[in-house]
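Sequence and predicted structure are below.
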Amino acid sequence: MLVFVTVGSFEFDALAQAVLSEPVLRRLRDKGYTSLVLQRGNSDIGSVESPQDSFSIEREGVDIEIWKYKPSTQADIERADLVISHAGSGSILDVLRLGKPLIAIPNPTLLDNHQEELASALEELGHLKATSVRDLPETIAKFDPSSLVPFPPFDGSKFRRLVDEEMGFL
Amino acid sequence: MSMAFASFSICLIVLALTVRTYAVISGHTRRPKLSGRTVSNPATRSLAIFLGSGGHTSEAMMLASALDFSRYSPRIYVVSEGDTLSAQKAATLEQLKAADASSPNGQMRKQYKLEMIPRARRVHQSLLTTAPTAILSLLSCIYLVSIKPLLRKGAFRQPFADVLILNGPGTCVILCVAVLLNQLIGLPSPRVIYVESFARVRSLSLSGKLLHHIVDRFVVQWPDLVQRGGREECHGWLV
C-alpha cells in the first residue's frame, strides 16, 4: 500500500523529517504501507538532502520517493491508500473530496494559525484524524480508516441559490 | 478669522462625508434588490470575482463553478499582478464550463477577461513599505471600478460588474474600498458578496473583520461564526 505525504508549500521541517524517521516508517510498514511519496516543499529533510528536485531512497523496508514540488498532487492522492498532510484547507479539501483516509497535522510555525482550528473541527465530525508531529507514530499505529465518516461531495447549489437570489434571478 | 472659517469648512466637509458614508453603508441592508431585468441585456448579470492566490483562489474557483454562466456573463477575474497560477485556473474553469454547456452556440466562450491589480502587501513585506504599495493597489482598483466603466463606450452608468465576489486576502479589502468610494460619489456599483474561508471555524480573518459591515452579504461557512442578530449568514460548506 502507498502513503502520500504533503507538507504544504511553506516549510514544515518537523513533519518532513518525522515521516522519514525510523519510528514513523516502522509503524507504516507494520500497517502494510511499503511505498511512500513525500512532497516536501521547502522543508529541510536533514541527512538525506539531495540537490535534485526528486529522488528515491529505501529505509526501514519502505520505498520512498521525495519531491520538492509536484505540479499536481491529484494523481498521487488518487493512488494513495493513506494521506498524511499539513492541515491547510486546500490540501484537506483535496484529500477528503477524493475520499482518502487523512491524518492531518497543523503546522505550529505558521502565523495566525487556524490550521489547528480546522483540523480539530473536522476531526470532531469524524472526517479525519488530527495529530501532532510528536504523536504521529502512535497515531499511525492506532489509525483505523474505516472509522472515518465520509465527507460530503461538493454541493454548488447553496451558493448558486444565494447569488441568484441576491441578483434577482429567484 | 480665515483660520476659523477654514476649520469650520473642513468640519463641515468631514461631517458631510461621514453622513454620506454612513448612508451608503447602512443602505446595504435596505438597498432594493436588482429587480428582474435590465434594459440593455435582459437575462444576464456581469460577475467579478477576486482570486486571492493559493487557497483563496481554490475556494473562489469552486464558488464560481457553482454559478450558471449563462446567467452571469461577462465574467471578470481579478488577479494580483504576477499570479499566473490563478490566471491559469480561471482559464481552465472557463474551458470546463464551455465544454459543459450543452448549448450549441459558442456564446459562452470569450465572455470573460482577466484584470490585474498590484498586491496591497506581499508576504514578508515590511510595514514601512506597505503604505505606498497599498496606495498603488488602491489607485489601480479605483481605475478598474470607477474610471474604466466611465470610459466604456455606450455603457455609461453601468457598474464595472453587477456582482463582486470576494473571499480574501488583504488585496480584496482594497478592491472593496474602491467600490465603497465609487458608491460615495454616487456611481453605480456592484453588489458585494464576501465569503469567509472554509478554514475559518471560530474566528474571522482580518479581511473578514474589516469588510464585515461594508459588504452587502457576509457569508461564513461554519455556524460558530454567526453572531446572534449579526449580519453573518451561514449555509454550511460552500466549497
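Okay, I see it.

Enumerate every residue touching the nearest residue to A:Ser157 once chain neighbours are set aside.
Spatial nearest neighbour of A:Ser157, excluding adjacent residues (Cβ to Cβ, 6 or more residues apart in numbering or on different chains): B:Ala66 at 7.3 Å. Quick note: C-beta positions are derived from backbone N, CA and C, even for glycine. Neighbour list for B:Ala66: A:156-160, B:238 [criterion: Cβ atoms under 8 Å, 6 or more residues apart in numbering or on different chains].

Could you export the residues you listed as CSV, including distance to B:Pro118, secondary structure and pLDDT?
Below are these laid out as CSV (distance: Cβ to Cβ, whole Å; DSSP: H, G, I helix; E, B strand; the rest coil; pLDDT from 0 to 100):
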residue, distance to B:Pro118, secondary structure, pLDDT
A:Gly156, 31, coil, 97
A:Ser157, 36, helix, 98
A:Lys158, 33, helix, 97
A:Phe159, 29, helix, 98
A:Arg160, 32, helix, 98
B:Leu238, 29, coil, 98
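
ok, of those residues, which one's closest to B:Gly170?
B:Leu238 (21.3 Å; Cβ to Cβ).

which one is the closest one nearest to, not counting chain neighbours?
B:Leu238 sits nearest to A:Phe159 (Cβ to Cβ, 6+ apart), 4.5 Å away.

right, and the one you found touches B:Leu67 too?
Yes - counting by Cβ atoms under 8 Å, B:Leu67 is a contact partner of A:Phe159 at 7.5 Å.

hang on, the earlier thing: identify the residues contacting the residue nearest to B:Leu238.
So A:Phe159 contacts B:63, B:66-67, B:195, B:235, B:238 (Cβ under 8 Å, 6+ apart).

and these, which two are the farthest apart?
Farthest pair in these, by Cβ to Cβ: B:Leu67 and B:His235, 14.7 Å.

Between these two, which has more neighbouring residues?
Legend: neighbour count by other Cβ atoms under 10 Å in any protein chain shown for B:Leu67 and B:His235, higher for B:Leu67 (22 against 14).

gap between that one and B:Val215?
18 Å (Cβ to Cβ, to the nearest Å).

Phi, psi for the residue of chain A found nearest chain B please.
Chain B sits closest to A:Gly156 of chain A, with a gap of 2.9 Å, by Cβ to the nearest Cβ. Per-residue torsions, A:Gly156: phi -80, psi -10 (degrees, to the nearest 10).

That one touches B:Ser65, doesn't it?
Yes - assessed by Cβ under 8 Å, A:Gly156 is found in contact with B:Ser65 at 6.3 Å.

sec struct for the residue nearest to the spatial centre of chain B, please.
In chain B, the residue lying closest to the centroid (Cα atoms, centre = their mean) is B:Leu164, at 4.0 Å. B:Leu164 falls in the strand class when you classify it by DSSP: H, G, I helix; E, B strand; the rest coil.

Excluding sequence neighbours, find me the nearest residue to it.
Nearest to B:Leu164 is B:Pro190, by Cβ to Cβ, 6+ apart, at 4.2 Å.

With just CA atoms, put stretch A:134-142 into PDB.
What follows is stretch A:134-142, C-alpha atoms only, in PDB (Å, rounded to 0.1, in the frame of the first residue of the first chain):
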ATOM      1  CA  ARG A 134       5.300  14.100  18.100                       C
ATOM      2  CA  ASP A 135       2.300  11.800  18.300                       C
ATOM      3  CA  LEU A 136       2.400  10.800  14.600                       C
ATOM      4  CA  PRO A 137       3.900   7.300  15.200                       C
ATOM      5  CA  GLU A 138       1.300   6.400  17.800                       C
ATOM      6  CA  THR A 139      -1.500   7.900  15.600                       C
ATOM      7  CA  ILE A 140      -0.400   5.700  12.700                       C
ATOM      8  CA  ALA A 141      -0.300   2.600  14.900                       C
ATOM      9  CA  LYS A 142      -3.900   3.200  16.200                       C
END
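
What residues sit buried inside it?
A:136-137, A:139-140 (16 or more other Cβ atoms under 10 Å in any protein chain shown).

mean confidence for that stretch?
Stretch A:134-142 comes out with an average pLDDT of 98.

repeat for stretch B:46-66
95.

for stretch A:114-123, same thing?
Rounded mean pLDDT across stretch A:114-123 is 94.

Distance from the chain centre to it, please.
Mean-position distance between stretch A:114-123 and its chain equals 13 Å (Cα atoms, centre = their mean, to the nearest Å).
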